[in-house]
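Engineer: Fold the following and give me the result.
(4 chains)
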Number of protein chains: 2
Amino acid sequence: MARANSEDVARHAGVSIATVSHVINGTRFVSEETRQKVQDAIKALNYRPNAVARGLATSFTRKIGVVVSEIRNPFFTATARGIEDEVIRQRYNIILCNTDEDPEREDAVLHLLGAQQVDGLIIAPTGARSETLLGLAKAGVPIVQIDRSSPGLDAPLIDVNNEEGAYQAISYLIGLGHTRIACLINLDVISTQTERLQGWERALREAGLPVDESLIVRADPRFFGGTPDAKASITRHNLPGASEVLQGLFTLPQRPSAIFVASNQLTLGTLYAFRASGLRCPEDISLISFDDHDWAPIFNPPLTVMRQPTYQLGQIAAQLLMKMINGEAVSAPPHLQVELIKRSSCAPPRASNFEGLNNDHAKEVSAAK
Amino acid sequence: MARANSEDVARHAGVSIATVSHVINGTRFVSEETRQKVQDAIKALNYRPNAVARGLATSFTRKIGVVVSEIRNPFFTATARGIEDEVIRQRYNIILCNTDEDPEREDAVLHLLGAQQVDGLIIAPTGARSETLLGLAKAGVPIVQIDRSSPGLDAPLIDVNNEEGAYQAISYLIGLGHTRIACLINLDVISTQTERLQGWERALREAGLPVDESLIVRADPRFFGGTPDAKASITRHNLPGASEVLQGLFTLPQRPSAIFVASNQLTLGTLYAFRASGLRCPEDISLISFDDHDWAPIFNPPLTVMRQPTYQLGQIAAQLLMKMINGEAVSAPPHLQVELIKRSSCAPPRASNFEGLNNDHAKEVSAAK
DNA sequence: CTGTTAGCGCTTTCAA
DNA sequence: TTGAAAGCGCTAACAG
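Structural biologist: Modelled structure (predicted):
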């Protein structure tokens, strides 16, 4: 049962193929009578226009590319959902691709997306400069960047006020009385991470606190925590590895009394490390992290976080892209705002943190090895 | 800077357009010499074949549709990732669509996908019979179902042994000494839910335990828990609503000593309800639920779950679909196996569950109203 | 108010 | 070993 095409419809309705096209697209006047005949024929033959043929003729394919590092990262999951909800209303589809922060894979998917003639692109670029991406831009493909920006690319970026958000988070901790606040980030080729690091530093400086480089810790971004699933294909390091990074910090003579986690992918690993080191949160150490999680409010302790409007971020990116596709002028939008959600993982530091207890923990940790 | 097409390449290389096509696709012999000229021209012009034109000519678009109810459900997120990893190797892309378990939206996305001439479809269908889906199947579009099956559709289904998994979960609880085990499910038009309910019932019967219908509770499947994000557009009920459903159960004269949650979307809501009712897990009530979460191992208590191989499920579905697209014969694959992950949310029931403590809780709850 | 026709960029017979 | 040319299904001048 081959699908009918517009010629079949035209024949069935006794009109020309052009008329069929025009009643479908409402692109020129058609008398009520013929319009009805065409509609009937369409129904009778169960005709569905072929978007591929249309795409070839018009150069509009009604598909956009959505490129993220990892769809399992809840940040991107929500963003992708926001995008889809937005574009589906205009009968657009999204082609979803993952890069794993790997410039090679990014390159590969961009080539495919280019070949597919997507009408536009929403991308969370890897940190690396991408000639392929620049080429797409030069070829006239509308592009919107999300979360971070790609070197050399002139395309609107939808992101949050990372520097300010981090500044607020650290200031909150300082207000609680903390003076040694660690900062955990992942890849520093990702602009969000460096921006948040800057916010950390500015807050400390403005408070007249020392900026101790040893409190900056980097960990593998591909760590998602419990890894209940088969993620071996993309996971370089496993659980103990991520935990170890933090444990080095926790056995410092002057252990930090609080930790700021700049990446949602690192939060679970941090919580694991607390547990492995026997640190209680917030009694022994406070925690504030970027991104909320649906389990955060009922975790023990409920997590204080910097929430990002992820779904909305996707929506806005999609709205902007659709405008660009429609040839409308667009202006660079302002940062979205992060929001401090105070729950219970931050508390004033206890005096004991800096004395006996700290040493006890250090002993426990060494004993565990 | 318009993109070069095969004609440009042909001209530049001094050969025919047909030859260009053949060197690109390796579809007939071309002398080493001309092949080289073509390759050079391709490089010089930075030529990229247009997949849309190719799709029109060959009727293979190298796109497959992936239809899930909600990409933010971690089950589908992982599945989608498994699919993408699998198909990207064959230079296929996925078009991702959400249905929200809404037959109308399902219908809409299926129409779009059909128009886009996808080479195949992987779908977690809503419970409703879909003429559009059946039409696609009849039109010869290869289809693989995941997680659940659509009424009347004859397409391979990749799922887990739901009935058996539920049976194992309940048997485990019975082995611990539980006799009143509640079963929380969502939409009973979804086959996974009814299958798990059947497993619950069989385990009880085989153990000679009473099957008390009042222990079967249905809750809104669109509940994701803390909803840190703007999900208003798809969420019918809010937090208190979901919690209430459970609280009715917990104030029963003979409160269950354990609860089996048949949907990962209901787990967070259950944990909220525990908290709201002042029930400690596992001291007052045991919990076992379908699907693992990355936060489950470090939750308080660490959650005992029935883990599903989600990523692998996607991979297998994609492998099967690619075979179908390539015209290979495929046979219905066996169920994937769920795995009981024992952590700490299940414990033997305490005598007090059935006496004083129970009434205390009932009082607390009524007092709270 | 409607029909004819030339593409869109590629694949694929059929010839040579 | 290669080329010419007819589509794939649709849109959009151009004509009437």
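Engineer: Pairing-wise in the sheet, spell out the partners of the nearest residue to A:Q168 once chain neighbours are set aside.
Structural biologist: Excluding its sequence neighbours, the residue lying closest to A:Q168 (CB to CB, 6 or more residues apart in numbering or on different chains) is A:L340, at 5.7 Å. (Each C-beta comes from the backbone N, C-alpha and C, glycine too.) Residues in a beta bridge with A:L340, per DSSP bridges, are A:M306.
Engineer: so A:L340 sits right up against A:L173, yeah?
Structural biologist: No. Using CB atoms under 8 Å as the test, A:L340 is too far from A:L173 to be in contact (10.8 Å).
Engineer: which of these two has more neighbours?
Structural biologist: Neighbour count, other CB atoms under 10 Å in any protein chain shown: between A:L340 and A:L173, A:L173 has more, with 29 against 15.
Engineer: The more buried one: what's its closest spatial neighbour, skipping adjacent residues?
Structural biologist: Distances taken as CB to CB, 6+ apart put A:A258 closest to A:L173, at 4.8 Å, once the chain neighbours are dropped.
Engineer: Let me know how buried that neighbour is, in neighbour terms.
Structural biologist: 29.
Engineer: got a list of what it touches?
Structural biologist: A:173, A:176, A:178, A:180-182, A:285-288, A:346, A:349 (CB atoms under 8 Å, 6 or more residues apart in numbering or on different chains).
Engineer: again, but for A:A219
Structural biologist: A:A219 neighbours (CB under 8 Å, 6+ apart): A:184-186, A:242, A:245-246, A:266, A:269.
Engineer: I'd like to know how far the nearest residue to it once chain neighbours are set aside sits from DNA strand C.
Structural biologist: Nearest residue to A:A219, sequence neighbours excluded (CB to CB, 6+ apart): A:V245, at 4.6 Å. Remark: distance between A:V245 and DNA strand C (CB to the nearest atom of the strand, to the nearest Å) = 48 Å.
Engineer: swap in A:R180?
Structural biologist: When A:R180 is compared with DNA strand C (using CB to the nearest atom of the strand), they lie 60 Å apart.
Engineer: ok, that residue touching A:D212?
Structural biologist: Yes. Here A:R180 reaches A:D212: they are 7.1 Å apart, a contact under CB under 8 Å.
Engineer: And for the residue of the stretch 201-350 of chain A at minimum distance from DNA strand C, the neighbour number?
Structural biologist: At 17.9 Å from DNA strand C, A:I325 is the closest residue in the stretch 201-350 of chain A, using CB to the nearest atom of the strand. Here the count is done by other CB under 10 Å, and A:I325 has 19 residues near it.
Engineer: Please report how far it lies from A:S149.
Structural biologist: Noted for A:I325: a distance of 20 Å to A:S149, by CB to CB, to the nearest Å.
Engineer: just for chain A, where's the confidence low?
Structural biologist: Low-confidence regions of chain A, defined here as pLDDT under 70, cover residues A:1-2, A:221-243, A:351-369.
Engineer: Next to DNA strand C, which bits of the stretch 1-150 of chain A? Give me the list.
Structural biologist: Proximity of the stretch 1-150 of chain A to DNA strand C is assessed by CB under 7 Å from any atom of the strand, with A:14-19, A:22, A:28-31, A:33-35, A:53, A:56-57, A:59 identified as the residues in range.
Engineer: Recalculate using a threshold of 10 Å.
Structural biologist: Taking CB under 10 Å from any atom of the strand as the test, the list of the stretch 1-150 of chain A residues beside DNA strand C reads A:6-7, A:10, A:13-23, A:27-38, A:52-59, A:115, A:117.
Engineer: returning to that earlier point: give me the phi and psi angles of the residue nearest to A:L173.
Structural biologist: Main-chain torsions, A:A258, degrees, to the nearest 10: phi -150, psi 160.
Engineer: May I have the beta-bridge partners of it?
Structural biologist: The residues paired with A:A258 through beta bridges, assigned by DSSP bridges, are A:I181, A:S286.
Engineer: For A:V217, see how far away it is.
Structural biologist: Spatial separation of A:A258 from A:V217 under the definition CB to CB is 13 Å.
Engineer: anything in contact with each of the two?
Structural biologist: Residues within reach of A:A258 and of A:V217 at once, by CB under 8 Å, 6+ apart, are A:A182.
Engineer: list the contacts for the residue of the stretch 201-350 of chain A closest to DNA strand C?
Structural biologist: Residues near A:I325 by CB under 8 Å, 6+ apart: A:60, A:64, A:119-120, A:142.
Engineer: Which of those sits closest to DNA strand C?
Structural biologist: Nearest to DNA strand C among the contacts of A:I325 is A:F60, at 11.6 Å by CB to the nearest atom of the strand.
Engineer: before we move on, the earlier item: what's the closest of the contacts of A:A258 to A:I88?
Structural biologist: Minimum distance to A:I88 across the contacts of A:A258 is 35.7 Å, recorded for A:I288 (CB to CB).
Engineer: part of a strand, is the closest one?
Structural biologist: Yes. Secondary structure assignment (DSSP: H, G, I helix; E, B strand; the rest coil) places A:I288 inside a strand.
Engineer: is it true that A:I122 lies in a strand?
Structural biologist: Yes. According to three-state DSSP, the state of A:I122 is that of a strand.
Engineer: What residues of stretch A:85-96 count as buried?
Structural biologist: In terms of neighbour count (16 or more other CB atoms under 10 Å in any protein chain shown), stretch A:85-96 has its buried residues at A:85-88, A:92-96.
Engineer: Give me the subset of those residues that also touch chain B.
Structural biologist: Near chain B, judged by CB under 8 Å from any CB of the partner chain, the entries from these are A:85, A:88, A:93-96.
Engineer: Next, see if the helix or strand where A:V67 lies gets close to chain B.
Structural biologist: Taking DSSP states H and E as the definition, one finds A:V67 inside strand A:63-68. Yes. Strand A:63-68 lies within reach of chain B by CB under 8 Å from any CB, at A:63, A:66.
Engineer: What are the contacting residues of that strand?
Structural biologist: The contact list for strand A:63-68, computed with CB under 8 Å, 6+ apart, reads A:76, A:79-80, A:83, A:87, A:92-99, A:106, A:109-110, A:113, A:116-125, A:318, A:321, A:325, B:95-96, B:116.
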